[in-house]
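Asks: sequence and predicted structure below; questions after.
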Amino acid sequence: MEWHAVFALVGATALLVAIPGPNVALIVANTLRRGRRHGAATVCGTTLGVLSQLVLVVLGLAALIGLAASALAWAKWLGVAYLIYLGVRAWRQGDEALPVAAAPQRLMNRLFWQGLLLATVNPKTLLFNAAFLPQFVGRDAGFASLLNVAAVYLGVLFAGDMAWALLASRAAPIVSRFGRLRHRLTGGLLIGSGIGLALSRAGR
């Protein structure tokens, strides 16, 4: 993979990350509610979810990608219902502070699986990645070149989503001063993430 292709891939991927989608909405919501470490756990989940989709792309299983996208179009509604449920529950909270988690590791695991679920069942990202990544690989390039492209792409996604979590953690002390508004904001982000997933058909 030539350097100019690497720079083009990094730039294009960074632009995608800068445009908030369902994944980013979930990351920001969880970070505002629970803190930086919990936002990072969500990022790890979304990254692993994207990786699971990239495996199909790297292996070049075009027919399987089509079947998977069709299956995910149905499975995603479970994710939509779950995210909207979480959003409504957060929206309805009053001015009280968030409860302190008695089992923080269990909560971290739950947020990780939230991110993994959202990223995995989104057929939009699968179809988009299948069309996007091959553009950075030459016609005569082999499996190794596509694998390198996927690795760079996933690395930039991970770094960008971590940056979103960091920005949200910096904003959290300000948002936390507004009590009910904080819950409305996080609830709105979760509901927005669910709606974004519901409307997903083909990009990040």
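Replies: Sure, I can see it. Worth saying up front: this structure is predicted, and the values here are computed from it rather than measured.

Asks: how near is L117 to G39?
Replies: In this view, L117 and G39 are 16 Å apart by CB to CB, to the nearest Å. Every residue, glycine included, has its C-beta placed from N, CA and C.

Asks: with neighbour numbers in mind, choose between the two.
Replies: The neighbour count for L117 versus G39, taken as other CB atoms under 10 Å, is higher for G39 (29 against 21).

Asks: and the strand or helix carrying that one, which residues are buried?
Replies: According to DSSP states H and E, G39 maps onto helix 36-58. Neighbour counts over helix 36-58 (16 or more other CB atoms under 10 Å) mark 38-51, 53-54, 56-58 as buried.

Asks: excluding its backbone neighbours, what's nearest L83?
Replies: G194 (3.4 Å; CB to CB, 6 or more residues apart in numbering).

Asks: I figured the one you found hits V88, correct?
Replies: No. Counting by CB atoms under 8 Å, G194 sits too far from V88 to count as a contact (9.7 Å).

Asks: of these two, which one has the most company?
Replies: Set G194 next to V88 and count neighbours by other CB under 10 Å: G194 wins out with 26 against 13.

Asks: which residues does the more buried one contact?
Replies: Neighbour list for G194: 22, 79-84, 87 [criterion: CB atoms under 8 Å, 6 or more residues apart in numbering].
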